[in-house]
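Visitor: my questions are about this predicted structure, shown below with the sequence.
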Amino acid sequence: MKLEDVPRVHEIDVLSFALPWSEKSYLFELNENPTTLAIVAELASQDCKATSIGMAVVWIVIDEAHIATIAIHPDYRGCGYGKKLLAEILRGAIRRGATEATLEVREHNLIAQKMYQNFGFMIAGIRPRYYKDNDEDAVIMTVGNLGKQYLEELDKLEI
């Protein structure tokens with residue numbers, strides 16, 4: 001993710017979440033947070049012009065990757081791009097020394113939970129009333145044993 005990506009990233013965020021991050025938050029991540037791994041997913045058109053269709057922000061803290069946000073533009077969902085983006089951020093996190101990854105997901109977002117489970121994430125707990133727009137609980141999901149063997153398994157997934 002680059003500074004010029006922020007308006008489109010913010011647009012994807014607004015279309016994806018009831019409580020989107022501000023553009024200022026993304027600028028902070030890019031300019032001031034040394035733990036940030038920020039990625040955009042781009043799709044090239046026939047004229048070779050890239051369109052950002054997804055984004056993710058991950059915080060690498062010692063050996064843990066915390067997936068702070070990840071989303072695919074609604075027009076591109078259901079095509080496997082979310083899996084590709086998740087695989088890429090996990091690869092990037094492993095390259096930066098992460099041996100486990102965690103995230104929070106809405107308890108009713110079963111599609112996302114299923115995707116995370118396909119990557120080995122397991123439910124580790126619940127954060128009651130985590131989402132302030134409707135007091136929905138967050139499901140904490142974690143995957144451990146990230147490393148060379150996990151990368152090999154990622155390569156075998158049909159992504």
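Guide: Here it is on my side, so go on. Model, not experiment: these values are computed from the prediction.

Visitor: list the buried ones in the longest strand along the chain?
Guide: Looking across the chain with DSSP state E, the single longest strand is strand 50-61. Buried residues in strand 50-61, defined by neighbour count with 16 or more other CB atoms under 10 Å: 52, 53, 54, 55, 56, 57, 58, 59, 60. C-beta: built from backbone N, CA, C; applies to glycine.

Visitor: same check on stretch 70-87?
Guide: 70, 71, 72, 73, 76, 81, 82, 83, 85, 86, 87.

Visitor: next one: stretch 19-36
Guide: Using 16+ other CB under 10 Å as the test for burial, stretch 19-36 gives 20, 21, 25, 26, 29, 30, 36.

Visitor: phi and psi next, for the residue lying farthest from the centre of the chain.
Guide: Residue farthest from the centre of the chain, counting by CA atoms, centre = their mean, is residue 47 at 28.0 Å. With angles defined as degrees, to the nearest 10, residue 47 sits at phi -90, psi 10.

Visitor: sorry, back to before: residue 92: which of the buried residues of strand 50-61 is nearest?
Guide: Closest to residue 92 out of the buried residues of strand 50-61 is residue 58 (7.3 Å), distances taken as CB to CB.

Visitor: adjacent strands (with direction) for the longest strand of the chain?
Guide: strand 36-44 (antiparallel), strand 64-72 (antiparallel) (DSSP bridges).

Visitor: neighbouring contacts of the first one?
Guide: Put plainly, it is strand 36-44. 1, 5, 8-9, 26, 29-30, 50-60, 65, 72, 76, 81, 84-85, 88-89, 92-93, 96 (CB atoms under 8 Å, 6 or more residues apart in numbering).

Visitor: pull it out as PDB, backbone CA atoms only.
Guide: Taking Å, rounded to 0.1, in the frame of the first residue of the first chain, the C-alpha atoms of strand 36-44 are listed here in PDB:
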ATOM      1  CA  THR A  36       2.400  -2.200   9.900                       C
ATOM      2  CA  LEU A  37       2.300  -4.500   6.900                       C
ATOM      3  CA  ALA A  38      -0.200  -2.900   4.600                       C
ATOM      4  CA  ILE A  39      -1.200  -4.500   1.300                       C
ATOM      5  CA  VAL A  40      -3.500  -3.700  -1.600                       C
ATOM      6  CA  ALA A  41      -4.900  -6.300  -4.000                       C
ATOM      7  CA  GLU A  42      -4.800  -5.000  -7.600                       C
ATOM      8  CA  LEU A  43      -6.500  -6.400 -10.700                       C
ATOM      9  CA  ALA A  44      -5.000  -5.400 -14.100                       C
END
